[in-house]
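> here is the input, now give the coordinates:
(3 chains, ligands or ions: 2)
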Amino acid sequence: MTTTHAENHDDAGSPDVLRVRDLRTSFATEDGLVTAVDGVSFHVARGEILGIVGESGCGKSVTAESVMRLLDEDTTDYDGSVTFDGTTELLELTEDQMRPYRGSRLGMIFQDPMSSLNPVYTIGNQLIEAIRTHTRLTKQQAADKALQMLQITGIPEPELRLRQYPHQLSGGQRQRVVIAMAMCCEPDLLIADEPTTALDVTTQAQILRLIDDLRCNYDTGTMFITHDLGVVAEICDRVIVMYLGQVIEDTDVHTLFDEPAHPYTRGLLASTPSLETDNSKDLPIIPGAVPTLTQVPDGCRFAARCPFAIDECTRATPELRPHQRPGSHTAAGDHLVRCIRAEEIPDLLSTGDEQEDTDD
Amino acid sequence: MAGYLMRRVLALVPVLCVVAVVTFGLMHMMPGDAAAVMLGPDASEEQVEALRESLGLNEPLIVQFFSWVGSALTGDLGTSFFIGLPVTEVLFAALGPTINLALLAQVLAILIGVPAGILAAKRQGTGADQAVMAGALMGISVPSFLLGLFLMLIFGVWLGWLPVAGYVPPEDGLADALRYLALPAVALGSMQAALIARMTRTAMLDTFSKNYMKTAKAKGVRARVSLYKHALRNAALPIITTIGQTLGTLIAGAAVVETVFNIPGIGQLVVNSVERRDLVVIQGVVLLIAVAYVLINFFVDILYSVLDPRVRFAGGDS
Amino acid sequence: MTHSTTTPHSARPDITVGSLNRIDKTRSRRSKFLRRFAAHKLAFTGGSILVIVTLVAIFGPMLTPSPFDVAGANRLQPPSLEHPFGTDNYGRDVLARVAEGARVSLFVGAFTAVCTAVLGCAVGLYAAYNRVADMILMRISDGLMAFPAILLAIAIMAALGQQTSNVIIALTIVFTPYVARIVRSSALVVREQTFVEALKAQGASRTRIIWINIAPNVVSPLIVQATFVFADSIITEAALSFLGAGVPPPAPSWGNMLLDGKNLIYTAWWMTVFPGVFIMSTILAINLLGDGLRDLLDPTYRSKTSGRKRKARKAARAAARQTAAHQSTASRPTTREGESS
Ligand SMILES: Nc1ncnc2c1ncn2[C@@H]1O[C@H](COP(=O)(O)OP(=O)(O)O)[C@@H](O)[C@H]1O
Ligand SMILES: [Mg+2]
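Numbers count the residues shown, from 1 in each chain, chains lettered A, B, ... in the order given. Ligands and ions are numbered 1, 2, ... in the order given. This next block holds a predicted model:
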């Protein structure tokens, strides 16, 4: 993967297609107000794929749906700023102003390809609807365009698919349809929310290649949400790691894998199987579970599960700050971390490792 | 689709068997001798014996059952011993007004219930929703014959706007027919409307939480289009099922409302037959309506499969 | 009316899984339930109206003149101080007859509800436990459910003869299949749970498993369903009596009083209005109670009730104000906001 995009955001008049600043999304629930996304910032450049990773429930989908403003606005509160294409403040638009962006300049792929298609309409009907919502094409022209999009996704027998209903397609085929639907108006920003989670490994690889191709051909900026670091390594340029509604690490994909700074990221990496790890050994998993949003701990949100936590950690919420590892080859400011002990951890580990080995 | 149809047709068999047994059993539930009970205490020994003979009550039960089923299948439901006419003939003479009333009530109920339910779902939790749900609760809490009496008292007796009782067949003037049917149809349709409104609301709310609604929004589809094209089309399936399930009871309800408004339909026939203990006629009515109910629901199932591609194409996967 | 006699069962979403995980009933649980019941406005209103009607049924006939006293001179008197609900065409006091009718209606309704609950519970449990019994019992109940309730009730009454006890028999036959279905589907869910498997493995007897281990889990849906049968029985009894196939005169029932009222609707509106209002309020009260019990007993159903979003919206507004005030100091969410508002 290339890291050239990572530097773009520092240029004035950068081509960032999306800039999110301090996004805060809260829901009114029966148990009170819960803040599912709490001060998240990131940016996506044209042609760049930004990975958003984290365990399930950490607010990835809510972040994505906040950008698209898909959440029920009766019970949802947005705060912060979401700037699209350098000029448009998405959170300040009225619903009527927002609608033309959805599906034309902002495309979205959902996790579950079965339930995200309407069971009572044909694939053709739903694709044509997506096209005709934003263009003045006739039905026939839209149908041609739909067919063309399906061909691009590499679905077998695309003409037949147009006439079929969602339940007649396999999971991978449905996901291709959903991708075609998201891409049919050539969006500037594509948001893919765990697009491959429900698929088998082979199909997963094909879908990843498709998304990568589309990014190249259309120069689309992509937010790629996943909980699978293997997928991140394969496709993303930059990555933000989320934990309980906050970004805890933000860096390019190489740094993330070579020099993870946050203990949570380390934990995630350690629990990801890779070719090098010995498959006969059990993968370590992060102990404990993600706290619920109604019981957000004081201080560092990860402290309770963190092997390196000290009293200091629970005192105040750590800032998301530049990681200052001496000898690091990443430009300063390109690696952000939300941990007060990030710099000490490698040293702690090199001494602690031996102890743990003897414990084993 | 063919397999689906076959399965549906086969499923009819046990239900129709039970319907036949129960209907047949009615005649034999009577304490004592059915013929004697029907004829009353004044009947002579010979009369009773003659009736027993004509009803076939002297045969073994199982023989009686199969000969009864056999003649029912050929459209012979016996002869009313009071009126002296074949039951089928008596039934069909009374059927017209009942069907007209039930249909009008059903149409009214759909026209009111579905939009009310959509409104309630769309404005969930607001005053409009609560008003619809309160109305629906009233609707299912006021029995239709009682609502009929109240409407009759208000619009017929006190205000004098509409006729209190009677029936004009639509052939003799549609306007008059509607004037006579207006109050009975409202009385009969109100509970149906309430049930449909509740069902519509539930079904719509159910679709709102589905992912394809989010997809539609993400495509930039207008909320209104999404409501009618995506939500209502899916919600239609359970709504139609509810309507089918309640149609049989609607016809039976029509029979009761008829007696309030003196409409000469099935209801009057039943009430008169109960007075005369003319069980053969009652048996005929019960059988007819139960079979109609079973068949209506069979057709609703078929309609359902036409509307739901998942059922239509079941088994025919690519 | 007759729709309610069958359809509400199918239209009211069934009680399901959520209510099934309560096995023990301790005292504190019961008092907690009572507190929640008192806090549930609609259920409480329904319960209160029902208590009032019951009191009228119990004490009314003691305080009013005999409902059977015929007085030719007093015929068809409009409501007055002496006869608050007027008199009927035989000069009988309508209030006294409404009170006596409440006895009949509530008795028939309650007795039917109990019979139906017991019978439906037995049928439903055995159907859930035994595949052969299930096939047979459920086909029979499908068949019975093909008859509109009121029609089947009329036919049974015509066969059995006009007697109050026969009304109860007829209504029990009509409503049992609906209860059995609900019990069966609730029990099926429990049957699949591991603890039942474990009991079987330990060699517990079938009777023991059914009645000691499965039955308590279907109690909540059964109570709710019995409440609705109570309402439907009262409606159907009134309809039967109105058609002249129910409670035989001269015994007053709300239904046969309405039949008298209908024949004199031009001269004596009070003969229609008072029994009618009593039927209406009683059914409304029972429906409120039933809906409320379902809310309270079935957690899965409660989460879908209508007040939720509005409450949440209110909470959101309150919380938004609060966060605006605290933004600089803390970004942590304010919790438990929804409950107080
Ligand atoms: N509409 C909502 N109301 C209340 N809480 C919600 C809502 N949507 C999501 N949440 C909560 O927000 C948190 C983040 O959810 P989500 O973004 O879906 O996680 P994920 O990272 O797995 O995509 C979860 O704890 C979830 O329960
Ligand atoms: Mg998610």
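> next secondary structure after the strand or helix carrying residue B:89?
When secondary structure is defined by DSSP states H and E, residue B:89 falls within helix B:87-122. As assigned by DSSP H and E, the chain's next helix or strand after helix B:87-122 is helix B:127-141.
> quick one: that next one near chain A?
No - where contact is defined by C-beta under 8 Å from any C-beta of the partner chain, no part of helix B:127-141 touches chain A; the two come within 12.5 Å at best. Every residue, glycine included, has its C-beta placed from N, CA and C.
> next structured bit after that helix?
Moving toward the C-terminus from helix B:127-141, the next helix or strand (DSSP H and E) is helix B:144-151.
> around residue 177, how many other residues sit close by?
Chain wasn't specified; assuming chain A. Using other C-beta atoms under 10 Å in any protein chain shown, residue A:177 has 28 neighbouring residues.
> correction: the question concerned chain B.
Look at residue B:177: counted by other C-beta under 10 Å, it has 18 neighbours.
> again, but for residue A:233
18.
> who touches whatever helix or strand it lives in?
Following DSSP H and E, the helix or strand that holds residue A:233 is helix A:229-235. When contacts are defined by C-beta atoms under 8 Å, 6 or more residues apart in numbering or on different chains, helix A:229-235 is touched by residues A:1, A:49, A:51, A:53, A:196, A:204, A:208, A:211-212, A:224, A:226, A:239, A:253, A:256-257, A:268-269, A:272-274.
> give me the contact list for the helix or strand following that helix.
Where DSSP H and E defines the elements, the next helix or strand beyond helix A:229-235 is strand A:238-243. The list of residues contacting strand A:238-243 from outside it, by C-beta under 8 Å, 6+ apart, reads A:5-6, A:40, A:42, A:48-55, A:58-60, A:63, A:232, A:247-253, A:256, A:262, A:264-265, A:268, A:290, A:301-302.
> picking that back up, from the contacts of helix A:229-235, which land in strands?
Those of those mapping onto strands are A:49, A:51, A:53, A:224, A:226, A:239, per DSSP state E.
> could you identify the most distant pair in those?
By the measure C-beta to C-beta, the ones in strands among the contacts of helix A:229-235 have their two most distant members at A:49 and A:53, which lie 12.4 Å apart.
> top helix in chain A by residue count?
Among the elements of type helix in chain A, defined by DSSP state H, the one spanning the most residues is helix A:201-218.
> show me what that helix is packed against.
In terms of contacts (3 or more C-beta pairs under 8 Å, 6 or more residues apart in numbering or on different chains; DSSP states H and E), helix A:201-218 is packed against strand A:49-53, helix A:171-183, strand A:189-193, strand A:221-226, helix A:229-235.
> let me have these in CSV, extended by mean pLDDT and distance to residue C:293.
What follows is the helices and strands packed on helix A:201-218, written out as CSV (pLDDT from 0 to 100; distance: least, C-beta to C-beta, whole Å):
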stretch, mean pLDDT, distance to residue C:293
strand A:49-53, 94, 45
helix A:171-183, 90, 42
strand A:189-193, 93, 40
strand A:221-226, 94, 43
helix A:229-235, 89, 49
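> JSON lines please, covering those and showing distance to residue A:351.
What follows is the helices and strands packed on helix A:201-218, written out as JSON lines (distance: least, C-beta to C-beta, whole Å):
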{"stretch": "strand A:49-53", "distance to residue A:351": "29"}
{"stretch": "helix A:171-183", "distance to residue A:351": "47"}
{"stretch": "strand A:189-193", "distance to residue A:351": "41"}
{"stretch": "strand A:221-226", "distance to residue A:351": "33"}
{"stretch": "helix A:229-235", "distance to residue A:351": "26"}
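> mind putting the ones you listed into JSON lines with distance to ligand 1?
Compiled in JSON lines, these are given as follows (distance: least, C-beta to the nearest ligand atom, whole Å):
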{"stretch": "strand A:49-53", "distance to ligand 1": "8"}
{"stretch": "helix A:171-183", "distance to ligand 1": "17"}
{"stretch": "strand A:189-193", "distance to ligand 1": "7"}
{"stretch": "strand A:221-226", "distance to ligand 1": "7"}
{"stretch": "helix A:229-235", "distance to ligand 1": "14"}
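> among the ones you listed, which comes closest to residue B:190?
Of all the helices and strands packed on helix A:201-218, the one in closest proximity to residue B:190, counting by C-beta to C-beta, is helix A:171-183 (43.8 Å).
> mind listing what's buried along the closest one?
Buried residues in helix A:171-183, counted by 16 or more other C-beta atoms under 10 Å in any protein chain shown: A:172-183.
> show me what from the stretch 151-300 of chain C comes close to ligand 1.
For the stretch 151-300 of chain C, the contact set with ligand 1 under C-beta under 6 Å from any ligand atom is empty.
> distance check, the residue in the stretch 1-150 of chain A positioned nearest to chain B against residue A:182.
Ranked by C-beta to the nearest C-beta, the top residue of the stretch 1-150 of chain A for proximity to chain B is residue A:103, at 3.5 Å. Distance check for residue A:103 against residue A:182: by C-beta to C-beta, to the nearest Å, it reads 8 Å.
> now for the two: what residues contact both?
When contacts are counted by C-beta under 8 Å, 6+ apart, residue A:103 and residue A:182 have residue B:218 as shared neighbours.
> residue ranges of the helices in the stretch 201-341 of chain C, please?
Ranges of helices within the stretch 201-341 of chain C are C:206-208, C:219-242, C:254-263, C:270-297, C:299-302, C:307-326, C:337-340, based on DSSP state H, counting those that start in this stretch.
> right, I mislabeled it, should have said the stretch 251-360 of chain A
Read by DSSP H, counting those that start in this stretch, the stretch 251-360 of chain A holds these helices, from start to end of the chain: A:253-258, A:263-270, A:345-359.
> okay, now the unreliable bits of chain A?
A:1-14, A:273-284, A:326-333, A:352-360 (pLDDT under 70).
> need the contact list for the residue positioned nearest the centre of it.
Residue closest to the average C-alpha location in chain A (C-alpha atoms, centre = their mean): residue A:225, at 2.4 Å. Taking C-beta under 8 Å, 6+ apart as the contact definition, residue A:225 lies against A:51-53, A:60-61, A:63-64, A:191-194.
> swap the cut-off to 6 Å and go again
In this structure, residue A:225 makes contact with A:52, A:60, A:64, A:193-194, judged by C-beta atoms under 6 Å, 6 or more residues apart in numbering or on different chains.
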